[in-house]
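J.: Need coordinates for the following:
(one chain, ligands or ions: 1)
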Amino acid sequence: MKLQLAIDLLDQVEAAKLAQEVEEYIDIVEIGTPIVINEGLSAVEHMSKSVNNTQVLADLKIMDAAGYEVSQAIKFGADIVTILGVAEDASIKSAIEEAHKHGKELLVDMIAVQNLEQRAAELDKMGADYIAVHTGYDLQAEGVSPLESLRTVKSVISNSKVAVAGGIKPDTIETVAAEKPDLIIVGGGIANADDPKAAAKKCREIVDAHA
Ligand SMILES: O=C(CO)[C@H](O)[C@H](O)COP(=O)(O)O
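T.: Predicted coordinates:
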């Protein structure tokens, strides 16, 4: 089981500093969508030059022009790129093809997907590397958690890895890890903690205990 730190609300310099501070505890660091919107793919490039043994994920949440956007993210140093599960099959397929052409991976974000079981099975067949259940910030505010969706997706896929994101904190990660996803994504639970290093360490210990 891998642990990903999602960084959404810092600038690229602060994000790289935070990644370096907690690097020993994480497998993947994400340059979140807000950073890409604010600063562009140079934030991905800066992160990829700042970390050593950590994969860099560019959370582009691609919806169209997928092959091109994946190729650009990879050019700027991304190891994993995200696309939305609600995108057209043609977009998903060209994104997967482009990522794999470069030996990189594609994560499909299931945010706002209504027919979760059916879509996860389709994406699994298409060859998505990761299928990520995700309760976004706007639904987190309504008290929704991604746990039920995680169980649903796990039950219908056989090849893709399963990731989970959405409001996971050091004191709630245990319940998520017990479901044995392949990847747990923690954003604010580490990035906004008073002591991000201690929060990352705690998450790592719990992830490893369930691996
Ligand atoms: O993609 C995102 C928001 O769209 C976040 O990066 C993801 O939800 C993880 O952050 P948090 O743990 O704070 O919810």
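J.: Give me the most central residue, this protein.
T.: Taking CA atoms, centre = their mean, the centroid of the chain lies closest to residue 185, which sits 5.8 Å from it.
J.: Just give me the neighbour total for the residue nearest to it when sequence neighbours are not counted.
T.: Spatial nearest neighbour of residue 185, excluding adjacent residues (CB to CB, 6 or more residues apart in numbering): residue 165 at 3.7 Å. Backbone N, C-alpha and C define where each C-beta goes, glycine included. Neighbour count of residue 165, defined by other CB atoms under 10 Å: 27.
J.: Who are the contact partners of residue 165?
T.: Residue 165 makes contacts with 6, 132, 133, 134, 135, 146, 184, 185, 186, 187, as judged by CB atoms under 8 Å, 6 or more residues apart in numbering.
J.: Is the nearest residue to the last one once chain neighbours are set aside in a helix, a strand, or coil?
T.: Okay, so that is residue 187. Leaving out its chain neighbours, the residue that sits closest to residue 187 by CB to CB, 6+ apart is residue 6, at 3.6 Å. The local conformation at residue 6, judged by DSSP: H, G, I helix; E, B strand; the rest coil, is strand.
J.: give me the beta-bridge partners of residue 6?
T.: Per DSSP bridges, the residues bridged to residue 6 are residue 30.
J.: Please compute how far stretch 145-153 lies from its chain's middle.
T.: 15 Å (CA atoms, centre = their mean, to the nearest Å).
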